[in-house]
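*Asks:* Got a sequence here, can you build the structure:
(chains A and B)
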Amino acid sequence: DSGVTQTPKHLITATGQRVTLRCSPRSGDLSVYWYQQSLDQGLQFLIQYYNGEERAKGNILERFSAQQFPDLHSELNLSSLELGDSALYFCASSVGVSGYNEKLFFGSGTQLSVL
Amino acid sequence: AQTVTQSQPEMSVQEAETVTLSCTYDTSESDYYLFWYKQPPSRQMILVIRQEAYKQQNATENRFSVNFQKAAKSFSLKISDSQLGDAAMYFCAYRGTNTGNQFYFGTGTSLTVIP
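*Replies:* Next up, the predicted model:
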């Protein structure tokens, strides 16, 4: 168990809908990352938050948004869903201190299926 | 942005044999960290091993070891005495100290273990 909790594990929805994915980082970790993994693809970095503030943005679509709350949990909102958004969405956390020899711990992912 | 390249989409190894997975990266930083993550069929991302760039000694974790060649920007993973449970997708990752704590992942190598 990595200590990173993601809910829900599975999500089935229809095109055009909006969903919210939730992530609780490991205790003590201030940084949260979101990644998208499509079928047989690598990990695409979406966005990173550190202590409530956006730190880095990757290939995140405008239809997607995220935030990190004061209790450090994070939510990834996906709207106007398309078939191509079907993927495994990972949340990961780390201590988040620059230069610190830290590891990235992953949650078990949310499998999103858009029908 | 830093790039991480895994040039072997697929590899196979006989059970009990040794296999080496390749990874190269591009960076202008002198201090950074390198990782290998394993993603078994369960799709959970598991940290296998990590290497600090300032350390000349190659990291080792039981049957897993790395060959870190800093000048060549190469970071290969050697799995000794391969077991059926080693079958998975393996991702190489890079984290710099001046890149906002971002982790950059390669596209992965799918390892098959033949009984």
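*Asks:* Up against chain B, what does chain A have?
*Replies:* A:2, A:31, A:33, A:35, A:37, A:41-43, A:45, A:48, A:50, A:55-56, A:88, A:90, A:92, A:94, A:96-99, A:101-106, A:108-109 (Cβ under 8 Å from any Cβ of the partner chain). For every residue, glycine as well, the C-beta is placed using N, CA and C.
*Asks:* List only buried entries from the residues you listed.
*Replies:* Among the residues of chain A next to chain B, those buried by neighbour count (16 or more other Cβ atoms under 10 Å in any protein chain shown) are A:2, A:31, A:33, A:35, A:37, A:42-43, A:45, A:48, A:50, A:55-56, A:88, A:90, A:92, A:94, A:96, A:102-106, A:108-109.
*Asks:* tell me the SS of the one residue sitting closest to the centre of chain B?
*Replies:* The centroid of chain B falls nearest to B:Trp36 when counting by Cα atoms, centre = their mean (3.4 Å). With DSSP: H, G, I helix; E, B strand; the rest coil as the basis, B:Trp36 sits in strand.
*Asks:* ok, it - contacts?
*Replies:* Contact analysis of B:Trp36 by Cβ atoms under 8 Å, 6 or more residues apart in numbering or on different chains lists B:21, B:23, B:47-50, B:64, B:66, B:75, B:77, B:90-93.
*Asks:* and of the residues you listed, the nearest to chain A?
*Replies:* B:Leu47 (5.7 Å; Cβ to the nearest Cβ).
*Asks:* In terms of helices and strands, where is that closest one?
*Replies:* strand B:46-52 (DSSP states H and E).
*Asks:* do the helix or strand of chain B with the lowest mean pLDDT and chain A meet at all?
*Replies:* Using mean pLDDT, DSSP states H and E, the weakest-scoring helix or strand in chain B turns out to be strand B:103-105, at a mean of 88. Yes: interface with chain A: strand B:103-105 contributes B:Phe103, B:Tyr104, B:Phe105 (Cβ under 8 Å from any Cβ).
*Asks:* quick one: B:Asp86 and B:Ser80 touch, right?
*Replies:* No: B:Asp86 is not in contact with B:Ser80 according to Cβ atoms under 8 Å; the separation is 10.0 Å.
*Asks:* Which parts of chain A are strands?
*Replies:* In chain A, the strands defined using DSSP state E lie at A:5-7, A:10-13, A:19-24, A:31-37, A:44-50, A:53-57, A:64-68, A:74-78, A:87-94, A:105-106, A:110-114.
*Asks:* Quick check: mean pLDDT of the longest one?
*Replies:* Read that as strand A:87-94. Averaging the model's pLDDT scores along strand A:87-94 yields 95.
*Asks:* remind me which residues of chain A are low pLDDT?
*Replies:* By pLDDT under 70, the low-scoring segments of chain A are A:40, A:97-101.
*Asks:* give me the beta-bridge partners of the residue most central in space within it?
*Replies:* Taking Cα atoms, centre = their mean as the criterion, A:Trp34 is the residue nearest the geometric centre of chain A, at 3.0 Å. Beta-bridge partners for A:Trp34, by DSSP bridges, are A:Ile47, A:Cys91.
*Asks:* quick one: it and chain B, what's the gap?
*Replies:* 12 Å (Cβ to the nearest Cβ, to the nearest Å).
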